[in-house]
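K.L.:
Compute the structure for the input listed below.
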Amino acid sequence: MPYDFIYPEQYKYMHELKRGLDHKGHCVLEMPSGTGKTITLLSLIIAYMKRYPDQYNKLIYCSRTVPEIEKVMSELKRLISYYEKELNEKQKFVGIAMSSRKNLCIHPDVSQLRLGKEVDSACMNLTASYIREQAKQDRSIKTCSYYEQYDKNGREESIPYGVYNLEDMKLYGKTKHWCPYFLARYILTHANVIVYSYHYLLDPKIAEIISKELPKTSIIVFDEAHNIDNVCIDSMSITLTRKILERAQTNVENLKVLVQNQKQKDASRLKNEYENLVKGLREQAIQRETDVILTNPILPEHVLQENVPGNIRQAEHFLIFIKRFLEYMKTRMNIQHVVKESPPSFLKDLQVRVCIERKPLRFCSERLRSLLRTLETRDIHMYQPLMLLCNFATIISTYTKGFTLIIEPFFDSKSTVYNPVLHFTCLDSSIAIKPVFDRFQSVIITSGNMKL
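P.N.:
Got it, this is the predicted structure:
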């Protein structure tokens, strides 16, 4: 501890935390707010990692907000400075803060965009593998010089030892002319301590992209976790409105035009996609790091190994399939009273009315992303409504338990204007967090007030 004395609460907390680490198990710990919980956690865990490097070699510290992440990084800097002062030597230690493109981008134009999804889309327009290939043939196509320099040199050179908060990462990126976001993602596998948002582990749409290489021997901390169940539920829940369905329909029509143009221009790309889909989604999902904004790994591993159903392999057939599903959804939203039903009931009605079976629905999310990659689509955020619809199709056909579907004629309780909304709500928070417990040997859930 980099302080002159330890509170009794801190000592007791450390004792229980060490017991959990000794037994390589999970634990839930409570410590009153304002008594130094963050520095207590960091002090004991880093000391434990130094003492037993073969048992634990990485700390993943998850917090809720960017200010909380920055607070953790400040305490970590203080702790490492204390080690260096006491031991009189530079610590061979790397700690980094990881956040979204919006919080790490240093591109002069992209970083000025207001919304996170706009930043993600603009980034992809400059860094996607197919955009970069086109730029080699056409010099008028813009790319990101920060990513190009990182791709050329960033993986060959180790980042200096130290603790890097978000501003430090941006400053280092500007100094080297490297992209801080992709650099941070690369460093995740080498850093001793990683501090980032809950969603990088709990949201299946993000976890497989960012956190899939983290070792089982990592220590996972969820701080300020009194509402972690809500985070788990929100990460698996979806809301659809009539406006979203209308925009999704526009997306489908646009994709039809793009597919026809692609067939006239170069049909081989669609043919290659079809052949890859015959081999299964896992084969099709192999891609460059810059394209992973399109990935949505909601599907269980065993499903990814299966062949994609024949009726959605061809691009035109898939779009016809989605249009039928979309028309069904629009009829279901045309209600005057509240409707509540289970996923099996919804799927049965879907099959009876429009002859859509469960299996092809499970592949909708990944099938759409495969098509968007094949068409080398720009401005991906414009297809967010269709992505949301396909995510819904995938989740409701994959998880039959732990969810409920509610359709209401009004968007909220105060509204008097007819505006139907569909809520597909996760009722079981364990669906999102169970993979974390199964994968890592020690998960610590802690807060100042843990009401279980």
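K.L.:
make it CA atoms for all contacts and neighbour counts henceforth
P.N.:
Fine.
K.L.:
Pick out the residue nearest the middle of this protein.
P.N.:
Ile206 (1.4 Å; CA atoms, centre = their mean).
K.L.:
pLDDT score assigned to the nearest residue to that residue once chain neighbours are set aside?
P.N.:
Counting by CA to CA, 6 or more residues apart in numbering, Tyr200 is the residue found nearest to Ile206 once chain neighbours are left out, at 5.6 Å. Note on Tyr200: pLDDT of 88.
K.L.:
ok, and what's touching the helix or strand encompassing Tyr200?
P.N.:
Following DSSP states H and E, one finds Tyr200 within helix 199-202. Contact with helix 199-202 is made by 206-207, 210-211, 231-232, 235, 432-433, 436, as judged by CA atoms under 8 Å, 6 or more residues apart in numbering.
K.L.:
right, and the helix or strand after that helix?
P.N.:
Later in the chain than helix 199-202, the nearest helix or strand by DSSP H and E is helix 204-210.
K.L.:
same for whichever helix or strand comes after that next one, what does it pack against?
P.N.:
With elements assigned by DSSP H and E, the helix or strand that comes after helix 204-210 is strand 218-222. Under the contact criterion of 3 or more CA pairs under 8 Å, 6 or more residues apart in numbering; DSSP states H and E, strand 218-222 touches strand 58-63, strand 442-447.
K.L.:
and those as CSV, adding mean pLDDT and distance to Glu167?
P.N.:
Below are the helices and strands packed on strand 218-222 laid out as CSV (pLDDT from 0 to 100; distance: least, CA to CA, whole Å):
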stretch, mean pLDDT, distance to Glu167
strand 58-63, 93, 17
strand 442-447, 91, 26
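K.L.:
is it true that Asn153 lies in a helix?
P.N.:
Yes: the assignment for Asn153 by DSSP: H, G, I helix; E, B strand; the rest coil puts it in a helix.
K.L.:
So what's the residue count around it?
P.N.:
Applying other CA atoms under 10 Å, we find 12 residues neighbouring Asn153.
K.L.:
which residues of the stretch 151-300 of the chain fall in strands?
P.N.:
With DSSP state E, counting those that start in this stretch as the criterion, the stretch 151-300 of the chain has strands at 162-164, 193-197, 218-222, 238-241.
K.L.:
Name the member of the contacts of helix 199-202 with the most neighbours.
P.N.:
Compared across these, Cys232 has the highest neighbour count, 24 neighbours, by other CA under 10 Å.
K.L.:
That one: what's it in contact with?
P.N.:
By CA under 8 Å, 6+ apart, the neighbours of Cys232 are 202-203, 429-433.
K.L.:
switch the cut-off to 6 Å
P.N.:
Taking CA atoms under 6 Å, 6 or more residues apart in numbering as the criterion, Cys232 is in contact with 429, 432.
K.L.:
sorry, back to before: between the contacts of helix 199-202, which is nearest Arg132?
P.N.:
Nearest to Arg132 among the contacts of helix 199-202 is Ile210, at 22.1 Å by CA to CA.
K.L.:
Val163 against Gly95, yeah?
P.N.:
Yes: applying CA atoms under 6 Å, one finds Val163 in contact with Gly95, separated by 4.5 Å.
K.L.:
coming back round to it: what about dumping the CA coordinates of the helix holding Tyr200 to PDB?
P.N.:
Extracted in PDB, the C-alpha atoms of helix 199-202 (Å, rounded to 0.1, in the frame of the first residue of the first chain):
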ATOM      1  CA  HIS A 199     -19.100  -4.500 -21.700                       C
ATOM      2  CA  TYR A 200     -15.700  -5.700 -23.000                       C
ATOM      3  CA  LEU A 201     -16.400  -8.900 -21.000                       C
ATOM      4  CA  LEU A 202     -20.100  -9.000 -20.500                       C
END
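K.L.:
Tell me where this structure is predicted with low confidence.
P.N.:
1, 274-308, 310, 411-416, 450-452 (pLDDT under 70).
K.L.:
same thing but 80
P.N.:
Low-confidence segments of the chain (pLDDT under 80): 1-4, 33-34, 204-205, 207-213, 263-313, 410-418, 448-452.
K.L.:
Give me the domain ranges for it.
P.N.:
With domains defined by automatic domain parsing, the chain comprises 8-100+149-229+434-447, 237-398.
K.L.:
What distance separates the opening and closing residues of the last one?
P.N.:
Which is domain 237-398. Chord length of domain 237-398, first to last residue, is 13 Å (CA to CA, to the nearest Å).
K.L.:
Ok, the longest one next?
P.N.:
Domain 8-100+149-229+434-447 has its terminal residues 17 Å apart, counting by CA to CA.
K.L.:
for the lengthiest helix in the chain, packing partners?
P.N.:
Ranked by residue count under DSSP state H, the longest helix found in the chain is helix 242-266. With contacts taken as 3 or more CA pairs under 6 Å, 6 or more residues apart in numbering; DSSP states H and E, helix 242-266 sits against helix 384-398.
K.L.:
Show me the contact partners of the helix it packs on.
P.N.:
With contact meaning CA under 6 Å, 6+ apart, helix 384-398 is reached by 244, 248, 343, 358, 361-362, 364-365.
K.L.:
Now with 7 Å, please.
P.N.:
With CA atoms under 7 Å, 6 or more residues apart in numbering as the test, helix 384-398 has contacts from 238, 244-245, 247-248, 251, 343, 358, 361-365.
K.L.:
which of those residues tops the neighbour count?
P.N.:
Greatest neighbour count in the contacts of helix 384-398, by other CA under 10 Å, goes to Phe363: 27 neighbours.
K.L.:
how about the nearest residue to that one, chain neighbours excluded?
P.N.:
Thr394 (6.2 Å).
K.L.:
And Gln55, by the same measure?
P.N.:
Thr217 (6.4 Å).
K.L.:
got a list of what the one you found touches?
P.N.:
Neighbour list for Thr217: 55-57, 440-441 [criterion: CA under 7 Å, 6+ apart].
K.L.:
Buried ones in the longest helix of the chain, by neighbour count?
P.N.:
Across helix 242-266, burial judged by 16 or more other CA atoms under 10 Å covers 242, 244-245, 247-249, 251-252, 255-256, 258-259, 262.
K.L.:
Nearest to Gln314 among those residues?
P.N.:
Each of the buried residues of helix 242-266 was checked against Gln314 using CA to CA; the closest is Val259, at 10.3 Å.
K.L.:
Next one: that closest one from Glu376, what distance?
P.N.:
11 Å.
K.L.:
now swap in Met169 and tell me
P.N.:
Going from Met169 to Glu376 by CA to CA gives 30 Å.
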